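Asks: Quick one, what's the 3D model for this:
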Amino acid sequence: MAEWTETYRGVVSAWECDVVEHFTIAYYFEKFADATRNFVEMLGEDPDLAGLANATSTRICTIFQHELRGGAAFHIVSAVTGMDGNTLGLGHQVVDTANARTGAWVAESLSLPADLSAAARGKLAAMTALWTGPEIPARSEKPASRGMLTARDRVKPWELDEDDKLSLSDHVHRFSGAGGHLLTSIGMNGNYMQSNRRGFSTFLLDVEIQSPARAGERIDVHTAIAHLGNTSLRYVHRMRARDGREIASMVQAGVQLDLDARRPTAFPQEVRDAINRQLSQA
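Replies: This next block holds a predicted model:
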C-alpha cells in the first residue's frame, strides 16, 4: 500500500477561531483546498498525471474528532483512497503536530477528466493507501422542505479561487453563518450562548458541490432541520443562485457544547420545543 504524504503545514491563528473558541470550520476547508491542490500538483509532476489539474471536487465529507484551538500547530497528510469510474477518492488527515493525534478525517471525491489515459488511471490505482479512519456515511437523505432563508448576498471578487469560482472556504463561511440564523430561530442566539456558556460544535460536515458560483452572482441559502437528539442536532443547508440552480449543499451535525467543560450538554426544553415546531412543519 502507498504512504500518506504531507500536503499542508500551518498553525491556528487567533482570527481563525469562532465563538465556540476553536478553529472555525470554514478555515479548515481553506486548508483542505490547499492540501488537495498541493497533492494534485505533486502528482502532476508525472507527465501521465498532468491532466489531474482539471479535476474538480464534488463531495467533501469531514468527521471531526478532536478540536484545534488558537495557537495549535497542525499538518495535513493526504493520499489516494480509491477509484470508481471517473471519480477519484482522496483522503486527508488533520494532525495535531504536538501529539500526532488525528483531529479530523476528510473523504473527498474528485471528478476526473474523461480523457485521462489508462496509464494515468493505473498509476493512481497503484497509489491507493489504507484508510484507517472512521466509516464515511452514505449521502444523507435531505428533508423535503428546503427550510427557512438563512443567507442572501453576492459573490465578491476576492472570494474566488484559482479557477475563478467561489472558493470552497467561502461556501462554508456562508453555510456557517446560515447555521447561526438557524440556531437563532430556535432560541440559541448570541445572548443565550454567552449567558449560558454554550456553543454549537460540529462533528460532521458533508459538502456537495453541484454548480460553480461566479463573481457578482446573488446567492441564497435555505436551511432545514433534519434530526434532533439529546445533545445533537443535524440540519441541511442548500445554496441556490438567482436562476434557481443549486450551487451546493451541506449537511451539518453537531452538539450543544458546554464551553467550560468542553463536553456535549443536553438542549433545554424550550430549545427542544422550538426545534420540534420546525420539524413538524417540514
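
Asks: list the buried ones in stretch 112-127?
Replies: Neighbour counts over stretch 112-127 (16 or more other C-beta atoms under 10 Å) mark L112, L116, A120, R121, L124, M127 as buried. C-beta here means a position set from N, CA and C on the backbone, and glycine is covered the same way.

Asks: what's the model's confidence in that stretch, averaged?
Replies: For stretch 112-127, mean pLDDT is 86.

Asks: Tell me the gap between it and the middle of its chain.
Replies: Centroid separation for stretch 112-127 versus its chain: 26 Å, with C-alpha atoms, centre = their mean, to the nearest Å.

Asks: how long is that stretch end to end?
Replies: 16 Å (C-alpha to C-alpha, to the nearest Å).

Asks: where along the stretch 51-200 of the chain do the strands fall?
Replies: In the stretch 51-200 of the chain, the strands defined using DSSP state E, counting those that start in this stretch lie at 56-64, 73-84, 87-96, 101-111, 148-154, 198-209.

Asks: Which one of those strands lies nearest to D161?
Replies: Closest to D161 of those is strand 56-64 (C-beta to C-beta; 10.5 Å).

Asks: buried sites along the closest one?
Replies: For strand 56-64, the buried set under the neighbour-count rule, 16+ other C-beta under 10 Å, comprises S57, R59, I60, C61, T62, I63, F64.

Asks: Tell me which residues touch the most centrally placed residue in the chain, please.
Replies: Central residue of the chain (C-alpha atoms, centre = their mean): L205, 4.8 Å from the mean position. By C-beta atoms under 8 Å, 6 or more residues apart in numbering, the contact list for L205 reads I25, I60, C61, T62, F64, V172, M250, V251, Q252, A253.

Asks: G70: which of those is nearest?
Replies: I25 (15.0 Å).

Asks: Which helix or strand in this protein has the lowest average pLDDT?
Replies: helix 118-126 (a mean of 87; mean pLDDT, DSSP states H and E).

Asks: if we can go back for a sec, now pLDDT and distance to Q278 too, for the contacts of L205, in CSV please.
Replies: Putting the contacts of L205 into CSV (pLDDT from 0 to 100; distance: C-beta to C-beta, whole Å) gives the following:
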residue, pLDDT, distance to Q278
I25, 95, 22
I60, 97, 27
C61, 97, 25
T62, 97, 25
F64, 97, 25
V172, 96, 23
M250, 97, 18
V251, 97, 16
Q252, 97, 15
A253, 97, 16
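
Asks: any chance of those in a markdown table, with distance to G133 too?
Replies: Shown next, in a markdown table, are the contacts of L205 (distance: C-beta to C-beta, whole Å):
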| residue | distance to G133 |
| --- | --- |
| I25 | 18 |
| I60 | 14 |
| C61 | 11 |
| T62 | 11 |
| F64 | 12 |
| V172 | 20 |
| M250 | 20 |
| V251 | 18 |
| Q252 | 19 |
| A253 | 17 |
